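1. A predicted structure for the sequence below; I have some questions about it.
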Amino acid sequence: MEEGEGEGEVKQTDLIKLIKSGESETLELKASFDKEILETSGAFANTKGGVILIGISDRGEIKGIQIGKETLRDWANQISQSTEPRVIPEIEIGTIDGKNVAVIWIKEFPIKPVSVKGRCFRRVGNSNRVVQTHEIAEMHFQSTGMSWDKLPVADASIDEIDLEKIKQYIESAKEAGRRKISGGEKPLEVLEKLELTKDGKATWAAILLFHKHPQRFLSQAVIHCGKFKEETIVIDDRMIEGTIIEQIEEAMDFIRKNINVRFVMTGKPARQEVWDYPLEALREALINAVCHRNYTVSSNTEVRIYDDELIVWNPGGLPLGLTVEDLYKPHPSVLRNKGIGGIFYDMGLIEQWGSGIEKMRKTCIKAGIPEPQFEEHQGFRVIFRKDIYTEEYLQKLGLNERQIKAVTYVKEKGKITNKEYQGVCNISERTATRDLSNLVSLGLFMQIGVTGKGTEYILTRRKDAIKTP
């Protein structure tokens, strides 16, 4: 039996279970063998591996195929000869209701990327996506445990590294308790131990973090901030240079200057500052943007401030292997820039890997504004939206005082029941039901659960869903 040819038959129950699960990141259904199977083999090898079932339509209909051992050998050879490095598939025959089905197993390749006739693919959902030029190097770095920002820069001498900036890092790391650095170590010795200098040359991370003039080497390593009245009307504009640590602080200054703040009396000696958006969440978005962006892409990190929203955008999209859906559940951090990430962690700028997204969400909810929206949009962006449910806005919608109380209650508590509404406003069940139904019909509230004791009401959080009475 030749290499790549499997032994025995796959159990019918296992095949049926696979087919019922539907096409996915790790499963492809094909009625017959075609050139797309070669692309899928490369995409699976570049992602998490997967299974290709031949003799099954993409709708899961069992068509079956007529096949012999020579055909299996030919398919295995086509896949291995079309891929570089060569992917060796395992191919087996299974039977469902008397119909033959070919099962091609593709393992994740340890060193990526694998090309298919000169092109690279990766699996995204149930489709194959061409790997962009800038992603090829990232894929290789990621699969080998390397990082672009820890490569030495040929013409970057360590003489222009700012020793004071390194000393500030050392102090911050000591205060945060993240890294023990002895008092006798010289700044450049510390960088060498952290592998941020190599053979007398500064790495990209060292330049971005500690160089006197980082933009001489990477002109795109800046944050471009703008305040817009409309998309084409710019009220304020600033291009922020310097090290990426300095950029975060300057960008926060720009944001504070261009968003609103009000002061609330809390009964304590100091008044409470309430900003349009919680500063902690905005700072987290900026830190994530400069820490995780792809610096090989020739675009700037951006902050765009509009009347009703603020957007933080960075080039390069999410690191390979991470999807927007993954962000909303516990996920490991796929760190694109390990050198930068290590320094940020030591300084206490970021916590454990992967925690920044949840921090932004919780901070916005606590502040009573909509959760930030995360999108891959020619890169990656975080969209913050203002709390539209101000008392003035609710009055314009024609709500009565009871209903405004209900909205305020839900902003604070997260939800309200009919019984709770009766207690808050001291009204009858009938009146509460009428008011709540009206809030649902206006699009302000969403009803969760069946009618009765299990029913709860939450805020819609989408301005475009709210109907004007």
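-> Yes, it's here.
2. where in the protein is the helix or strand with the lowest mean pLDDT?
-> strand 5-10 (a mean of 54; mean pLDDT, DSSP states H and E).
3. tell me which residues of the very next helix or strand once past that strand are tucked away?
-> Per DSSP states H and E, strand 5-10 leads on to helix 12-21 as the next helix or strand towards the C-terminus. By 16 or more other Cβ atoms under 10 Å, the buried positions in helix 12-21 come out as 15, 18-19. For the C-beta atoms, the positions are set from N, CA and C on the backbone; glycine is no exception.
4. check which helices and strands helix 12-21 sits against.
-> Helices and strands touching helix 12-21, as assessed by 3 or more Cβ pairs under 8 Å, 6 or more residues apart in numbering; DSSP states H and E, comprise strand 27-30, strand 50-54, strand 90-96.
5. for Asn438, which of those is the nearest?
-> Closest to Asn438 of the helices and strands packed on helix 12-21 is strand 27-30 (Cβ to Cβ; 47.2 Å).
6. which residues does that closest one contact?
-> Outside strand 27-30, the residues within contact range by Cβ atoms under 8 Å, 6 or more residues apart in numbering are 18-19, 21, 23, 36-37, 40, 44, 50-58, 60, 126.
7. rerun at 10 Å
-> 18-19, 21-23, 36-37, 39-41, 43-44, 50-61, 63, 65, 101-102, 104, 106, 123, 126-128 (Cβ atoms under 10 Å, 6 or more residues apart in numbering).
8. average pLDDT across that strand?
-> Mean pLDDT, strand 27-30: 96.
9. centre of the chain to that strand, how far?
-> Put simply, strand 27-30 sits 27 Å off its chain's centre (Cα atoms, centre = their mean, to the nearest Å).
10. alpha carbons of it, as PDB, please.
-> C-alpha atoms of strand 27-30 as PDB (Å, rounded to 0.1, in the frame of the first residue of the first chain):
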ATOM      1  CA  LEU A  27     -15.200  19.700   7.000                       C
ATOM      2  CA  GLU A  28     -15.800  19.900   3.200                       C
ATOM      3  CA  LEU A  29     -18.500  18.000   1.300                       C
ATOM      4  CA  LYS A  30     -17.900  17.300  -2.400                       C
END
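11. which one of the buried residues of helix 12-21 is nearest Lys329?
-> Nearest to Lys329 among the buried residues of helix 12-21, counting by Cβ to Cβ, is Leu18 at 23.8 Å.
12. please point out which parts of stretch 440-458 sit buried.
-> By 16+ other Cβ under 10 Å, the buried positions in stretch 440-458 come out as 442-446, 456-457.
13. give me the phi and psi for the closest residue to Glu23 other than its chain neighbours.
-> Nearest non-adjacent residue to Glu23, counting by Cβ to Cβ, 6 or more residues apart in numbering: Asn126, 3.9 Å away. Dihedral angles of Asn126 (phi, psi; degrees, to the nearest 10) stand at phi -110, psi 20.
14. now for Asn126, how many residues are close by?
-> 14 (other Cβ atoms under 10 Å).
15. what does the one 4 residues further on give?
-> Using other Cβ under 10 Å, Val130 has 12 neighbouring residues.
16. pretty sure it contacts Pro113?
-> No. Look at Val130 against Pro113 with Cβ atoms under 10 Å: they stay out of range, at 11.1 Å.
17. from Gly177, how far out is the residue nearest to Glu23?
-> 46 Å (Cβ to Cβ, to the nearest Å).
18. ok, Glu250 next?
-> For Glu250, the distance to Gly177 (Cβ to Cβ) stands at 27 Å.
19. with neighbour numbers in mind, choose between these two.
-> Each of Glu250 and Gly177 has its neighbours counted (other Cβ under 10 Å); Glu250 has more, 15 against 9.
20. could you give the bridge partners of the residue nearest to the more buried one when sequence neighbours are not counted?
-> Distance criterion Cβ to Cβ, 6+ apart; nearest residue to Glu250, sequence neighbours excluded, is Ile240 at 4.6 Å. On the basis of DSSP bridges, Ile240 is bridged to Ile223.
21. and the next element down the chain from the helix or strand containing His140?
-> Applying DSSP H and E as the criterion places His140 in helix 133-144. Using DSSP H and E, the helix or strand that follows helix 133-144 towards the C-terminus is strand 152-157.
22. other SSEs contacting that next one?
-> Strand 152-157 is packed against strand 197-198, strand 201-203, helix 204-210, with contacts defined by 3 or more Cβ pairs under 10 Å, 6 or more residues apart in numbering; DSSP states H and E.
23. isn't Thr363 up against Leu279?
-> Yes. Between Thr363 and Leu279 there is a contact at 9.1 Å, judged by Cβ under 10 Å.
24. and those two? which has more neighbours close in?
-> A count of neighbours by other Cβ under 10 Å puts Thr363 above the other of Thr363 and Leu279, at 20 against 17.
25. mind listing what's buried in the helix or strand hosting the more buried one?
-> In this structure, Thr363 is located in helix 356-366 according to DSSP H and E. Across helix 356-366, burial judged by 16+ other Cβ under 10 Å covers 356-361, 363-365.
26. where's the nearest residue to Ala102 once chain neighbours are set aside relative to Asp97, distance?
-> Leaving aside its chain neighbours, Ala102 sits nearest to Ile54 (4.0 Å; criterion: Cβ to Cβ, 6+ apart). Ile54 is 16 Å from Asp97, where distance means Cβ to Cβ.
27. and if you look at Lys193?
-> 64 Å.
28. between the two, which has more neighbouring residues?
-> Ranked by neighbour count (other Cβ under 10 Å), Lys193 and Asp97 place Lys193 first, with 12 against 8.
29. picking that back up, what is the burial count for the residue nearest to Ala102?
-> Residues contacting Ile54 under the criterion other Cβ under 10 Å number 23.
30. kindly report the same for the one 3 residues further on.
-> When counting by other Cβ under 10 Å, one arrives at 13 neighbours for Ser57.
31. quick one: low-confidence parts of this structure?
-> Scanning the chain for pLDDT under 70 picks out 1-9, 265-268, 331-333, 352-354, 450-453, 461-469.
32. that concludes my questions; thank you for your assistance.
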